[in-house]
Every structure is written in structure tokens, then in C-alpha cells.
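1. Need the 3D shape of this:
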Amino acid sequence: MRAVPLILTLLPAAACGQGFTYGERNTSFPPAFPEQFRAPLTDSEVALETSVFAEGLDHPWGIATLPGNAGWLVTERAGRLRHLSRNGTLSAPIAGVPEVLPQGQGGLLDVALSPDFSETGLILFTYAKPVEGGSATAAASAILSDDMTDLSDVIDIFVQDPPSPTAKHYGSRILQLADGTWAITSGEHSSDAERPYAQDLDKTYGKVIRVNIDGSVPEDNPFTDQAGAVDTIWSYGHRNIQGASVDADGVLWTIEHGPAGGDELNRPQAGLNYGWPVISYGKRYRGGAIGSGEAVRSGMEQPVYFWDPVIAPGGMAFHSGEMFSDWNGDALIASLRPGGVVRLSLEGGVVTQEERLLMELGRVRDVEILNDGSFVVLTDRADGQVIHVTSSE
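-> The predicted model follows:
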């Protein structure tokens with residue numbers, strides 16, 4: 001289909017969420033340090049202009065920018081991979097995508113390009129893989145044909161274990177790290193029975209996974225010499241990591257869903273335990289304590305920042321580029337609830353300011369920064385859109 005171009009010019013107040021205030025908390029846990037919670041709200045007074053590149057997508061989840069002016073690859077949770085051209089033309093579904101489980105929160109999820117994509121056509125993607133016993137977060141590589149109509153040589157480079165009967169909390173971001181290895185995020189599938197697996201080193205639930213591009217294990221992974229531990233694990237004790245990005249210094253950051261309160265921004269480091277479900281700044285959706293009922297425990301890492309009430313985070317990216325240059329180095333985070341984009345300013349590894357942008361867009365699943373500093377967002381709806389955000393100044 002060809003999207004009808006739509007231009008919306010947003011006044012600074014509407015664009016920047018002027019007047020937004022933090023809502024009532026779900027819990028009363030004090031932050032472990034002042035910068036960990038409710039940074040000063042700011043209004044950068046930037047007038048944003050949005051244009052719809054494509055519409056009619058079924059819950060778009062991930063996006064990757066193709067080299068040159070070739071546009072983007074976009075996933076639909078229902079199991080379709082599409083090519084979106086710069087002029088708004090949306091391709092037919094690309095053939096060769098493996099079977100996915102399009103149930104609950106499952107489906108075709110993230111997508112990324114190998115650094116040598118221009119020569120090899122190699123892409124990577126994540127999906128809910130149907131297996132005996134349920135489904136699992138999986139990551140695969142494949143070759144995209146020159147005409148971008150077909151995938152071949154599809155190879156799984158990671159499959160979560162054990163299978164889960166619960167079609168929730170797949171995590172599922174995939175991205176290259178500064179050293180050339182790849183990070184894959186997984187969730188713990190949400191159920192009371194399965195969430196403790198986030199603490200188990202013999203299972204890949206609730207983890208950051210680190211592999212080489214062929215799925216082999218980097219020699220310096222933290223648990224390669226520990227008996228009974230899965231050697232692809234990088235960090236553990238996570239709930240449902242749906243956002244991940246590498247900053248300008250090559251540092252990996254992740255953002256994960258909490259329960260009622262307790263969404264977390266983390267900087268995962270090798271071998272460390274990030275606490276879920278033993279500690280949390282949130283509580284159960286139906287009320288009552290999570291795990292130990294504590295937010296701090298010795299031997300478990302604290303988040304760099306947390307939200308209560310939640311932002312329900314999707315993808316994230318660090319800004320760079322001439323457009324919106326005052327935001328360079330800031331994190332732009334997709335928000336599913338209350339919606340829009342959350343901008344965080346960071347200095348010295350701590351959050352110093354927060355801003356709410358484009359909240360009128362509703363559920364935003366992913367953010368992709370373009371070379372000029374403009375960015376695109378995916379709206380998570382049955383009639384989802386790819387929207388380009390620029391400055392109208």
C-alpha cells in the first residue's frame with residue numbers, strides 16, 4: 001500500500017507535554033539515591049512536525065534503517081516483515097519468515113542489520129518461536145534478497161530455554177555491542193511459576209544474552225566456566241526488557257517493564273544480578289508485595305532510574321544528529337502507557353531531566369534515530385503507523 005502523506009504541526013506545548021506532572025505512586029519505596037526517581041520535568045519548547053510514512057500495519061514492533069536511501073525494514077507482530085521505502089511505499093510481506101506464535105505478546109518482534117549488510121544482505125530478527133511445550137524467545141539470522149522480497153538461509157542463533165506455556169514477556173530486542181558481539185534481551189514470561197527463573201543461571205528467562213553473530217559464545221562471557229550455568233548469559237534478574245541501546249561511549253543500556261510501578265533503566269554489566277523478582281520498586285497488579293517485599297538487597301543491583309507510575313517502555317535509542325542537537329546523548333524511549341516518547345537527559349551516568357513528548361500519539365512501540373537527527377516512531381495499534389518526527393523551526 002502507499003501511505004497518504006499527512007503533516008501535523010504541533011505547538012510547543014502539545015509537542016513537549018507542557019504541564020505534565022508525575023501521577024500518584026503505586027508504592028512508597030524511597031529511591032536509593034536522589035537521581036534515581038522523578039528527575040525534574042523539563043519543556044525544551046521544541047516545535048515538532050510529524051508526517052505519516054506508512055499506516056495499516058498490524059502492531060508494528062521493530063524497525064531498522066536500510067543504508068543509503070533505501071528506507072526501512074519494519075516488523076509486524078502478526079508475523080510479517082515489510083520493506084518501507086522513503087516515499088511511503090509499503091511492500092508485500094517478505095517471504096521466508098519462519099513460523100511465529102502470534103498470540104498474547106508474541107509474534108515477529110525486533111529486527112536489525114548486520115554491519116556488512118550492504119555486501120551480504122544479512123539481517124537479524126527476534127520472534128516468539130512455537131515449540132513443543134509452548135513458545136520461546138528466539139533470535140535468527142537470514143539473508144535478505146537484493147530485491148528485498150525474500151529471506152533465505154534462516155538460522156536460529158538463540159532459542160530461550162525451557163519453553164514457556166505463557167505467551168507474555170518475550171523481551172526480544174537485538175542489537176550489536178561496541179565489541180562486535182550481539183545482545184539479545186529476554187523476558188521471564190510473567191507467571192508466578194516462571195518469574196523466579198529470572199534468578200536461575202541454568203535458564204535463559206529474564207536475561208541479557210550475549211553471543212557472536214553466529215550464535216557462538218564469546219570467550220569472555222561471565223559464566224563460561226561456571227558449572228550448570230548457561231554460557232550465553234551476560235546479566236540476570238530482569239523482568240521484561242523491551243528496550244535496549246548502546247550510547248556514544250559504547251555502553252549498553254536497557255529498559256524493562258515493572259509490574260504496577262517499577263519500570264527500570266539499567267546499565268547491565270557482566271555477571272551482575274538485577275534483582276527481579278526478589279526486589280522491585282513496584283507491586284503486584286492486584287495489590288501485594290513482589291518477592292521479598294523489598295526494593296534494595298545486598299548483592300543485587302539498583303536501577304539507574306525507575307518510574308512509578310510506569311511508562312510501559314518499548315524501544316529506546318540515544319539521540320545524535322544536527323536536528324534536535326540539544327538532545328544529543330539523551331535517551332528517547334517509546335512509551336506504551338501513557339504513550340508518546342520519554343526523553344531523558346543523562347550526565348555522568350545519572351538522569352538529570354525528563355521530558356514527555358508526543359503523548360497524543362498514544363502507544364509508541366519503538367524509536368529509531370535517523371542520520372540527520374530526526375526520528376521515526378512506531379505506533380502499536382491494529383492500524384499502526386510509521387511516523388517521521390522533525391523540527392518545524
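
2. switch to C-alpha atoms for all contacts and neighbour counts from now on
-> OK.

3. Flag every buried residue along stretch 297-308.
-> With burial defined by 16 or more other C-alpha atoms under 10 Å, the residues of stretch 297-308 counted as buried are Met300, Glu301, Gln302, Pro303, Val304, Tyr305, Phe306, Trp307, Asp308.

4. How far does that stretch stretch from one end to the other?
-> The separation between the terminal residues of stretch 297-308, taken as C-alpha to C-alpha, to the nearest Å, is 19 Å.

5. quick one: average pLDDT of that stretch?
-> When pLDDT is averaged over stretch 297-308, the result is 98.

6. same thing with stretch 280-293?
-> Along stretch 280-293, the predicted local confidence has a mean pLDDT of 96.

7. If you count neighbours, what's buried in that stretch?
-> Buried residues in stretch 280-293 (16+ other C-alpha under 10 Å): Ser280, Tyr281, Gly282, Lys283, Ala289, Ile290, Gly291, Gly293.

8. picking up where we left off before, dump the buried residues of stretch 297-308 to CSV, plus distance to Thr379 and secondary structure.
-> Supplementary listing: those in CSV, determined by distance: C-alpha to C-alpha, whole Å; DSSP: H, G, I helix; E, B strand; the rest coil:
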residue, distance to Thr379, secondary structure
Met300, 34, coil
Glu301, 32, coil
Gln302, 31, coil
Pro303, 27, coil
Val304, 27, coil
Tyr305, 25, strand
Phe306, 23, strand
Trp307, 21, strand
Asp308, 23, coil
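
9. Next, give me the two most distant ones among those residues.
-> Largest separation among those by C-alpha to C-alpha: Met300 and Asp308, giving 19.9 Å.

10. Remind me which helix or strand His83 belongs to.
-> Applying DSSP states H and E as the criterion places His83 in strand 80-84.

11. Gly293 is in contact with Pro277, correct?
-> No - with contact defined as C-alpha atoms under 8 Å, Pro277 and Gly293 do not form a contacting pair (9.7 Å).

12. follow-up on the earlier one: who does the strand holding His83 touch, helix- and strand-wise?
-> Here strand 80-84 is seen to pack against strand 72-76 when contacts are counted using 3 or more C-alpha pairs under 8 Å, 6 or more residues apart in numbering; DSSP states H and E.

13. Check which helices and strands the strand it packs on sits against.
-> Applying 3+ C-alpha pairs under 8 Å, 6+ apart, one finds that strand 72-76 makes contact with strand 60-65, strand 80-84, strand 108-113.

14. For Val364, find the nearest of the ones you listed.
-> Ranking the helices and strands packed on strand 72-76 by proximity to Val364 (C-alpha to C-alpha) places strand 60-65 first, at 9.3 Å.

15. Which residues are in contact with the residue most central in space within the chain?
-> Of all residues in the chain, the one closest to the mean position by C-alpha atoms, centre = their mean is Gly243, 2.2 Å from it. Each residue near Gly243 by C-alpha atoms under 8 Å, 6 or more residues apart in numbering is listed here: Arg173, Thr254, Ile255, Glu256, Pro313, Gly314, Gly315, Met316, Ile333.

16. likewise His169?
-> Taking C-alpha under 8 Å, 6+ apart as the contact definition, His169 lies against Gln105, Ser186, Gly187, Glu188, His189, Ser190, Arg239, Asn240.

17. what helix or strand does it sit in?
-> Following DSSP H and E, there is no helix or strand that holds His169.

18. With Glu368 instead?
-> Assignment of secondary structure by DSSP H and E places Glu368 within strand 364-369.

19. Quickly run through the sheet partners of that strand, with directions.
-> As defined by DSSP bridges, the strand partners of strand 364-369 come to strand 375-379 (antiparallel).

20. angle of the strand it pairs with against strand 72-76?
-> Here the directions of strand 375-379 and strand 72-76 differ by 20 degrees (axes from the mean of the first three to the mean of the last three C-alpha atoms, to 10 degrees).
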